[in-house]
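Chemist: kindly return the folded structure for what I paste below:
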Amino acid sequence: MKPSDILIKPILTEKANAQQESLRRYAFKVARKANKLEIKKAIESFYGVTVTDVNTSVVPGKNKSRFTKAGVISGRKPAYKKAFVTVAEGENIDLYSNI
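Modeler: A predicted model of the protein is given here:
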């Protein structure tokens with residue numbers, strides 16, 4: 001898999017930003033089939049940093065419904081995989097450079 005196929009998008013939340021500042025840990029939404037070694041190679045080649053640790057978690061899909069004029073619309077949000085990547089001391093990833 002290419003690095004662009006593995007890395008879908010960075011997760012930019014308050015909790016993720018706090019971990020970036022204190023622990024040098026970045027959160028990414030990644031492909032469901034990607035393993036930790038593939039994620040590590042993709043981050044290192046895409047951002048040019050040294051990765052020391054990769055933790056992953058699969059977020060389960062959830063049922064959602066909303067009320068409209070036409071009635072209740074029910075659906076399901078898809079499941080996805082998150083990767084928490086810790087970079088080496090003194091290195092960082094600039095996620096806001098291409099916004």
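Chemist: strands along the chain, start to end?
Modeler: Counting by DSSP state E, the segments of the chain that form strands are 7-10, 25-30, 51-59, 62-68, 71-77, 80-87.
Chemist: spatially central residue for the chain, please.
Modeler: Ranked by distance to the mean C-alpha position of the chain (Cα atoms, centre = their mean), the top residue is Phe28 at 1.6 Å.
Chemist: so that one touches Tyr80, yeah?
Modeler: No: between Phe28 and Tyr80 there is no contact under Cβ atoms under 8 Å: 10.6 Å. All C-beta spots, glycine's among them, are computed from the backbone N, C-alpha and C.
Chemist: give the closest residue to Lys41 in space, chain neighbours not counted.
Modeler: Closest residue to Lys41 in three dimensions, ignoring its sequence neighbours and counting by Cβ to Cβ, 6 or more residues apart in numbering: Pro3, at 7.4 Å.
Chemist: contacting residues for the one you found?
Modeler: With contact taken as Cβ atoms under 8 Å, 6 or more residues apart in numbering, Pro3 is in contact with 41-43, 45-46.
Chemist: give me the buried subset of these.
Modeler: If you count burial by 16 or more other Cβ atoms under 10 Å, the buried members of these come out as 42-43.
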